[in-house]
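>>> This is a predicted model, with the sequence first.
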Amino acid sequence: MENALARPPVKLIKYDDDVKDLSLKVRIIIYARFSTDNQSSSSTEDQIRLIRRAANLAQVKSILFPGRDFEIVAEFKDEAVSGFGVVGRDGLDSAMNMIRAKQADVILVSDFKRFLRGMGIALQLFDFLNEYGAELLAISDGFSSAQKNARLMFMNKAYASEEFLESVSIDTQRGLNERRYEGFSDGHLWFGVTSKPTRQTMIKGKLKDSHFEYVILENQAAVVRRIFKMSADGLSQREIAKILNDECVPCPACYYKTGVMKEHLTERPTWADRTIYQILNNKSYIGIIERGKTKIIKKSDGTKQTIDMPKSNWIVIDSPNLKIIDQALWDSVRERFRDYNLRKLKSGSRGKPFRHDGQVNHIFTSLCSCEACHGPFVVVTGHKGGYYGCRNAHRQKTCVNHKVISWKKLEPPILNYLVAQLNSDEVCKILAQKYNELRKSRISMDIGGGERAAEKLADVEDSIANIIKAIEQGVVSDALIAKLKSLEEERTALKGKIELLGSTDQKQIYITPLVIKGRFQEIPELLRTSQPFEINKALRPLLGKQGIKILHRTSADPKGEFWAEGSLNLGKALTLVKGLGYGDSASIKHEIPFSIRLG
């Protein structure tokens, strides 16, 4: 009975893989990155040199493409960019675009941390590589995104990197807090106070100064007391700054943190009303040191934002020995500031170039440049809503161009010119034509191209004929049969591509000038309702790296007049409104030079 019910044994059949052409080289991209401005720019060059040497010496083993030689097709790098996300990483973005376009097969990095540092987008990047049949190889740690349990390993490495940085941050913060609680300096100094070491510590075999204590600089403290007294007497910040400048009193920018006067300055920095305001609102001058008032967080789009922390989380240290002014003088100044702060809050002052979270308050901050030093134009004073000026002249004191222009005279003329160009029938006609040509070229590229496909088909036909001739002459092998099968499959695919290309209507119109003009009419409403930092971000691609140059001319008017010169790439405007940002539409170029009289 048992024999009758016994099942016959299962026989396994093992297929051999199709023979791959090992003469085809694996196209690799070299990618390098370092994270902070404090690191040397040679870091990326060292990484690229290491990767190139390993690739040339065949020390890199691919799992997806075994036994094939490597060919370096591109090298990309990101300098002073965090590895937590992909935002701002132009080099990585270019590498991913090549993977999408099937122009590369492997991304080579020196170690996994150069590719990714956090968990936020780890799975998305892993799935991206799998989707396009690409592989990530890390030389130092031997990681491959195609290895067994690669998905889990990918997440583990991302977690390990983020956990390491988080632990370093926690340890650093704990060490700073311990120094603060013991009354030592945490490295943050203010005008009138410096720090000096109290002991030396052995670090990596070398004695280094440590445990710095705060020390009051009497010459600077006297200036601070005078500022508070003038404010209590009713003088404004601007009036106080003017008095100090007239008397040639050195401002904080004239000193190093040690209290030593700077000698190399080509032009002496001057007092500004904002500097006076910051001093008058600094509680450190009454011996109360406040830390932990803000925190930097990562947003969902990969960017960072500074947020205010609850007062219960602040670290507040009372240090009576650091008092420079008495409590009565502080309270007197606070009484005068109470009404001023209320007026400022109600008026919604726009006099600062950046908000507390790092976003710009004015549309053209850093989009315009100085004609003298080519430095960025930012809001340099809050008077009457804000005036633009050269940052190097008003902040760094390294430029001689101290001219300023009201935001009311600079922003509306340029925006009105942009809107007028987008409403132009001629511009919309040119953009529609270039857009349709781009779509047609993309279709031709996607299906291989008729001429290229036909040439390849002819080569495949010749190879098939040669193999059949060899078989008829008695030369038969498994490898030859497999090669014939592979060529026949390729011939079928090429015929399908040629047929598809022949059926494509090359005269098809994908978008009309009228449609583009209708969508462009949404831009004025977007400019009216969007935040300044959103408009600033949207305008950057239109203006390019050169931006707008602000010129001051005196030929027509003895008092002088401001002009804005630059070039608008209106092709980038296709990405500003929904419905026009198809595929690679951002690569469309239609530049229009302009020269606009301001004000």
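Here it is on my side, so go on.

>>> Give the rounded mean pLDDT of stretch 81-99.
For stretch 81-99, mean pLDDT is 79.

>>> Contacts for that stretch next, please.
29, 31-33, 35, 73-74, 76-78, 104, 107, 113-118, 120-121, 125, 128-129, 132, 134, 161-162, 298, 301-303 (CB atoms under 8 Å, 6 or more residues apart in numbering). Any C-beta I mention is one placed from the backbone N, CA and C, and that applies to glycine too.

>>> Now list the buried members of these.
29, 31-33, 35, 73-74, 76-78, 104, 107, 113-118, 120-121, 125, 128-129, 134, 161-162, 302 (16 or more other CB atoms under 10 Å).

>>> Go through these and flag which are in strands.
Under the assignment DSSP state E, these contribute 29, 31, 32, 33, 73, 74, 76, 77, 78, 107 to strands.

>>> ok, these vs residue 197, which is closest?
residue 33 (35.6 Å; CB to CB).

>>> what are the ranges of the strands in the stretch 351-500 of the chain?
Here the stretch 351-500 of the chain has its strands, by DSSP state E, counting those that start in this stretch, at 368-370, 377-381, 387-390, 404-406.

>>> Out of those strands, the one nearest residue 283 is which?
Of all the strands of the stretch 351-500 of the chain, strand 377-381 comes closest under CB to CB, at 25.6 Å.

>>> Show me what the closest one is packed against.
strand 368-370, strand 387-390, helix 391 (3 or more CB pairs under 8 Å, 6 or more residues apart in numbering; DSSP states H and E).

>>> Just the mean pLDDT for the last one, thanks.
Here the mean pLDDT over helix 391 is 86, rounded to a whole number.

>>> Tell me the secondary structure of the residue most central in space within the chain, please.
Residue closest to the mean C-alpha point of the chain, counted by CA atoms, centre = their mean, is residue 88 at 2.4 Å. Put simply, residue 88 is coil when judged by DSSP: H, G, I helix; E, B strand; the rest coil.

>>> Distance-wise, check it relative to residue 537.
Separation of residue 88 from residue 537 (CB to CB, to the nearest Å): 12 Å.

>>> any weak-confidence spans in the stretch 1-150 of the chain?
The model of the stretch 1-150 of the chain has pLDDT under 70 over residues 1-7, 14-23, 36-42, 84-87, 120.

>>> That one: helices as residue ranges?
Here the stretch 1-150 of the chain has its helices, by DSSP state H, counting those that start in this stretch, at 2-5, 42-56, 90-100, 112-115, 122-131, 150-181.

>>> JSON lines for the helices and strands packed on strand 377-381, including mean neighbour count and distance to residue 238?
What follows is the helices and strands packed on strand 377-381, written out as JSON lines (neighbours: other CB atoms under 10 Å; distance: least, CB to CB, whole Å):
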{"stretch": "strand 368-370", "mean neighbour count": "21", "distance to residue 238": "24"}
{"stretch": "strand 387-390", "mean neighbour count": "24", "distance to residue 238": "13"}
{"stretch": "helix 391", "mean neighbour count": "22", "distance to residue 238": "20"}
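
>>> nearest to residue 554, of those?
strand 368-370 (16.8 Å).

>>> Other residues contacting that closest one?
With CB under 8 Å, 6+ apart, strand 368-370 has contacts from 375-377, 388, 390, 392-393, 399, 401, 410, 546-550, 564.

>>> rerun that using 6 Å as the cut-off
Under the contact criterion CB atoms under 6 Å, 6 or more residues apart in numbering, strand 368-370 has outside partners 377, 390, 401, 547, 548, 549, 550.

>>> Could you do stretch 238-247 as well?
227, 230, 270, 271, 272, 273, 276.

>>> swap the cut-off to 7 Å and go again
227, 230, 231, 270, 271, 272, 273, 276 (CB atoms under 7 Å, 6 or more residues apart in numbering).

>>> can you confirm the third one is in a strand?
No. Assessed with three-state DSSP, residue 231 is helix; it does not lie in a strand.

>>> and it, what pLDDT?
91.

>>> With the fourth one instead?
Among the per-residue scores, residue 270 holds a pLDDT of 88.

>>> Around it, how many other residues sit close by?
When neighbours are counted by other CB atoms under 10 Å, residue 270 registers 18.

>>> How about the second one?
Under the neighbour criterion other CB under 10 Å, residue 230 is assigned a count of 19.
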